[in-house]
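**Q** Make a model of this:
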Amino acid sequence: KNYPYHVRIKVDSSFLSTYLAFSLRLMHWKNLAVLYTDDTWEKGYYDTFVDSAARNNIKILNKEELRKLNTDLNIAKEEQYNMAIQEIAKTKVRLLALFSQADAINEFLKALYDQGYRRGDLFIIAISSSWFEEALV
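**A** Numbering: from 1, shown residues only. Here you go, the predicted model:
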């Protein structure tokens with residue numbers, strides 16, 4: 001009502017992930033780390049991005065078995081996040097693509113801070129389906 005020309009759209013996950021990989025190639029990023037949470041939407045973003053990154057000659061350097069962040073409350077998230085952060089540190093990449101629910105993104109950012117990461121240490125592209133869902137409500 002107040003903004004008649006403002007439009008929100010929900011972007012298909014395959015388009016968003018494919019475009020992200022293409023954009024990274026255009027910006028000459030060749031290596032990055034990727035993390036995702038274990039829900040359907042974020043796993044879809046992740047799977048599409050991995051394929052698109054390979055087609056655009058972008059290497060994902062962190063170990064595949066440490067990319068998935070389990071959001072189950074029974075699993076120690078802090079330990080899991082710390083392992084993922086240590087893996088990212090080993091790769092020495094400065095770019096992280098994070099496909100996650102909004103609350104898990106906040107928790108992961110706190111874990112990064114606790115591990116000593118500060119402004120400028122890591123460039124993070126965070127994509128969350130929950131932001132799109134909240135925007136549509």
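**Q** Just give me the residue closest to the centre of this protein.
**A** Centrality entry for the chain: nearest residue to the mean C-alpha point is L98, 1.1 Å, by C-alpha atoms, centre = their mean.
**Q** Before we move on, what's the pLDDT of the nearest residue to it once chain neighbours are set aside?
**A** For L98, ignoring the flanking residues on the chain, the nearest one in space by C-beta to C-beta, 6 or more residues apart in numbering is A126 at 4.6 Å. C-beta: built from backbone N, CA, C; applies to glycine. Each residue has a pLDDT score; the one for A126 is 85.
**Q** mind listing the helices for the chain?
**A** Counting by DSSP state H, the chain has these helices, from start to end: 13-26, 40-55, 77-91, 102-114, 129-136.
**Q** Mind putting the ones you listed into TSV with mean neighbour count?
**A** Below are the helices of the chain laid out as TSV (neighbours: other C-beta atoms under 10 Å):
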stretch	mean neighbour count
helix 13-26	17
helix 40-55	19
helix 77-91	17
helix 102-114	16
helix 129-136	14
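**Q** Any idea which of those gets closest to N62?
**A** Taking C-beta to C-beta as the measure, those were each checked against N62, and helix 77-91 came out nearest at 4.8 Å.
**Q** re the thing from before, I figured the residue nearest to the centre of the chain hits L112, correct?
**A** No. L98 is beyond contact range of L112, at 10.2 Å (criterion: C-beta atoms under 8 Å).
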